[in-house]
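1. Give me a model of this one.
(one chain, ligands or ions: 1)
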Amino acid sequence: MMTSLIKTIAFNQPRKVISNIFVRTFSKAELPQFETLLVSEPKKYVYHVELNRPKKSNTFTRTMWQEIQTCFSTLSNIPQCRVIVLTGQGKHFCGGIDLQTLVQMAAEAEELEDVARKARFHYNFIKYAQDTISSLEECVKPVICVTHNACIGAAVNLITAADIRYCTEDSWFSVREVIVGLAPDVGALQRLPKIVGNGSVARELCFTGRNFDAKEAKEIGLVSQVFPDKDTALVKVLEIAESIAAKSPVAVQATKVSLVYSQSRPNQEGLEHIRLINSVNNQGEDLTKAAIAQATKSPPPDFDNV
Ligand SMILES: CCC/C=C/C=C/C(=O)SCCNC(=O)CCNC(=O)[C@H](O)C(C)(C)COP(=O)(O)OP(=O)(O)OC[C@H]1O[C@@H](n2cnc3c(N)ncnc32)[C@H](O)[C@@H]1OP(=O)(O)O
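-> Numbers count the residues shown, from 1 in each chain. The predicted model follows:
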C-alpha cells in the first residue's frame, strides 16, 4: 500500500510541476482562423492584427472578446512574431462593446432567479472581458495600435493596454461607459490615469464620456504621434515595428515584461525583477552579438527567435 502510494506520488509529482511551468510555443500555421479578426505578416517578424467587423463598426461581440484573447496569447508564444500592430478595418477603429451583446448579457443574467447566481454570471463575464484586454499587456511582444475615426468605450480600454498608441488626424475618442450607464470596468480606470499622468484630465474624460479629438489625445499623452491618414500611418508604423523587430527579441521582450511589471510597483521591486531577468539574459548570445556589432560599427546582427 505504502509502496504504491510512494510510486504514485513519485510518478505524478514531476508531471504536475512540468505541466505548471510548460508554456507551449506555436508555429505560424497554428494561429487559428478568426471570425472577427484578420491576422497577416506584412513584414518579417511583424504581425498585423485587424479588428474585422467593419459593417458593425468593429464592435465587441462575445466572439470578438474570445478571439482577441486567443489571438494575443497565441502570438505571445509564436517565436516568429516579434511585434504586433493593431488596427481596425473599415470606417472606424472600434465603436466599443456591441450594445446588443450588452443587452443580451443583462437579459441572460436576469433569467437566473437568485441574486448570487446573477452576480456570478456578471462577475465571470467582466473577468473574461478584463482578461481579454489584459492579454495585450500580458503578451510579451510589443503591441502598437493605430486608431482612426471612432475609438469608443471598450476600445479606449483596449488601446490603454497596448504598449504604443498612434492615431490618425480624423481620430476621436470617448470613454463612453457612463453614457450607457456603466462604470468602465475593463481597464480604462486603472490604465488611463497612469498613461496621461493627470488624474484631473482622466477623471473628467471618464465622468463626462465626452468626445475628444486626435489633437487633444496627443496633448494629454494618450497617443504619441498623429498621422495624416491611415495609409500613411501604416507605412510609418510598420517601419517602426520593423526597427523593433530587428533588435534582440530577448532584450525587447524583457524590456516589455519589466515595464509592465514596474508600472504598478515601487522602483525597488521593479529593479530587483529586471536584475533577476538580466542575470539570466546577460549570459545569452544576443548581448555578445549586439555589443560586438556596436563596438565594431558593424551592421546589426541577426538574432534567433525566442
Ligand atoms: C464586461 C464588458 C464591459 C464592457 C463595456 C464596454 C462599454 C462600451 O464600450 S460603452 C460604448 C458603446 N458604444 C457606443 O455607444 C457607440 C454607439 N455607436 C456610435 O456612436 C456610432 O454608431 C459610431 C460612431 C460607432 C458609428 O457611427 P456612423 O455614423 O459612422 O455609423 P452608424 O450607421 O451609426 O453605425 C454603423 C453600423 O455599426 C453599428 N454599430 C455602431 N456602434 C454599435 C454598437 N456599439 N453596438 C452595436 N452596433 C453598433 C450600427 O448599428 C450600424 O450597423 P447597421 O445598423 O447594421 O447599419
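2. how close does residue 37 get to the ligand?
-> 17 Å (Cβ to the nearest ligand atom, to the nearest Å). No exception for glycine: its C-beta is placed from N, CA and C like everyone else's.
3. With residue 112 instead?
-> 17 Å.
4. so that residue sits right up against residue 118, yeah?
-> Yes. In this structure, residue 112 is within contact of residue 118 by Cβ atoms under 8 Å, at 4.8 Å.
5. Not counting sequence-adjacent ones, nearest residue to the residue nearest the centre of the chain?
-> Centrality entry for the chain: nearest residue to the mean C-alpha point is residue 136, 1.3 Å, by Cα atoms, centre = their mean. Distances taken as Cβ to Cβ, 6 or more residues apart in numbering place residue 161 nearest to residue 136, at 4.1 Å, with adjacent residues excluded.
6. Return the residues in contact with the one you found.
-> 133, 134, 135, 136, 137, 143, 187, 191 (Cβ atoms under 8 Å, 6 or more residues apart in numbering).
7. In a strand, the third one, correct?
-> No. The secondary structure assignment for residue 135 gives helix rather than a strand, going by DSSP: H, G, I helix; E, B strand; the rest coil.
8. Go ahead and confirm it touches residue 68.
-> Yes. Between residue 135 and residue 68 a contact is recorded at 6.6 Å, counting by Cβ under 8 Å.
9. and those two? which has more neighbours close in?
-> A side-by-side neighbour count of residue 135 and residue 68, using other Cβ atoms under 10 Å, places residue 68 first with 24 against 20.
10. What sits closest to the more buried one if chain neighbours are left out?
-> residue 132 (5.1 Å).
11. Which helix or strand lies directly C-terminal to the helix or strand containing the one you found?
-> According to DSSP states H and E, residue 132 maps onto helix 115-138. As assigned by DSSP H and E, the chain's next helix or strand after helix 115-138 is strand 143-147.
12. Now do that following strand, average pLDDT.
-> Averaged over strand 143-147, pLDDT sits at 99.
13. dump the residue contacts of the residue of the stretch 101-250 of the chain found nearest the ligand.
-> Across the stretch 101-250 of the chain, the shortest distance to the ligand (Cβ to the nearest ligand atom) belongs to residue 153, at 2.2 Å. Residues near residue 153 by Cβ under 8 Å, 6+ apart: 95, 96, 97, 174, 175, 176, 177, 180, 184.
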